[in-house]
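Novice: from the sequence below, what's the structure:
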Amino acid sequence: MSGDGMTFTAHLLDAEIKKVFSVDRQMCVIKLPSVFNDLKDILASEHEEAIYAASDALKTEEHAYLLH
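Specialist: Numbering: from 1, shown residues only. So this is what the prediction gives:
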């Protein structure tokens, strides 16, 4: 996948998990491992912008969902 595609995917995962969390917190808990796995793969890439987007998404999820 291209760097732009990975960046888009990271932003999309972040937006979608926020939406799921606002609608159904239990479903969010079920989906988080899959989202983390996908973001992990993006972090392992060599595309700087994608890595930044994935790390930003992880920070958002950590603060919004895991710490509350």
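Novice: show me which helix runs longest in the protein.
Specialist: Criterion DSSP state H: the longest helix present in the chain is helix 3-23.
Novice: what's that one packed up against?
Specialist: Under the contact definition 3 or more CB pairs under 8 Å, 6 or more residues apart in numbering; DSSP states H and E, helix 3-23 sits against helix 25-43, helix 48-61. Any C-beta I mention is one placed from the backbone N, CA and C, and that applies to glycine too.
Novice: let's have the ones you listed in a markdown table, adding mean pLDDT.
Specialist: A markdown table is the format used below for the helices and strands packed on helix 3-23 (pLDDT from 0 to 100):
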| stretch | mean pLDDT |
| --- | --- |
| helix 25-43 | 90 |
| helix 48-61 | 92 |
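Novice: looking at those helices, which is closest to S2?
Specialist: Minimum separation from S2 across the helices and strands packed on helix 3-23 (CB to CB) falls at helix 48-61, 8.9 Å.
Novice: tell me which residues of that closest one come out buried.
Specialist: A50, I51, A53, A54, A57, L58, E61 (16 or more other CB atoms under 10 Å).
Novice: and which of the residues you listed is nearest Q26?
Specialist: E61 (15.8 Å).
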